[in-house]
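Asks: Got a predicted model here, sequence first, then my questions.
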Amino acid sequence: MPHAVIVCAYTGNAAVLLRGRTVHNALGMQARTTKKGNSDNHSPSLKRFVQSATVFVIDEVSMIALDFLHKIDTQLRALRDSEQPF
């Protein structure tokens, strides 16, 4: 059975070179929190997309700050309806 792989990068330039997406786009995350608070996307189609993945590749992960890695983990848990780390 083939693995569904999400390929993304922290920067747009790296995402283009990978023919992937930015982390923000792949996970439906806003680039910045608005004054109204966090408005991350939890749409049904995004949930299905993330739940179908068995592998999540982030290029340039060393450029990502610890607090943003935590936000990625929180978003993946929400999209996968799971409390387990992705």
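Replies: Structure received. Residues are numbered from 1 along each chain as shown.

Asks: which residues in this structure form helices?
Replies: For the chain, the helices defined by DSSP state H occupy 12-18, 23-26, 44-51, 66-79.

Asks: So for this structure, the centremost residue is which one?
Replies: Nearest to the geometric centre of the chain sits L27, at 3.3 Å (CA atoms, centre = their mean).

Asks: Is it in contact with T74, as I believe?
Replies: No: using CB atoms under 8 Å, L27 is not in contact with T74, being 10.0 Å away. Backbone N, C-alpha and C define where each C-beta goes, glycine included.

Asks: that older thread, turn the helices of the chain into a markdown table, columns for mean neighbour count.
Replies: A markdown table is the format used below for the helices of the chain (neighbours: other CB atoms under 10 Å):
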| stretch | mean neighbour count |
| --- | --- |
| helix 12-18 | 14 |
| helix 23-26 | 21 |
| helix 44-51 | 13 |
| helix 66-79 | 15 |
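
Asks: Can you lay out the ones you listed as JSON lines showing distance to I58 and mean pLDDT?
Replies: Listed next are the helices of the chain as JSON lines, based on distance: least, CB to CB, whole Å; pLDDT from 0 to 100:
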{"stretch": "helix 12-18", "distance to I58": "10", "mean pLDDT": "95"}
{"stretch": "helix 23-26", "distance to I58": "6", "mean pLDDT": "94"}
{"stretch": "helix 44-51", "distance to I58": "13", "mean pLDDT": "92"}
{"stretch": "helix 66-79", "distance to I58": "8", "mean pLDDT": "93"}
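
Asks: Among these, which comes closest to E60?
Replies: Each of the helices of the chain has some distance to E60 by CB to CB; the shortest is helix 12-18, at 5.2 Å.

Asks: what's the spacing between the closest one and its chain's center?
Replies: 15 Å (CA atoms, centre = their mean, to the nearest Å).

Asks: Kindly report the same for stretch 21-28.
Replies: On CA atoms, centre = their mean, the centre of stretch 21-28 falls 5 Å from that of its chain.

Asks: Show me what that stretch is in contact with.
Replies: Defining contact as CB atoms under 8 Å, 6 or more residues apart in numbering, one finds that stretch 21-28 is touched by 6-12, 15, 20, 29-31, 40-43, 46, 50, 58, 64, 72, 75-76, 79.
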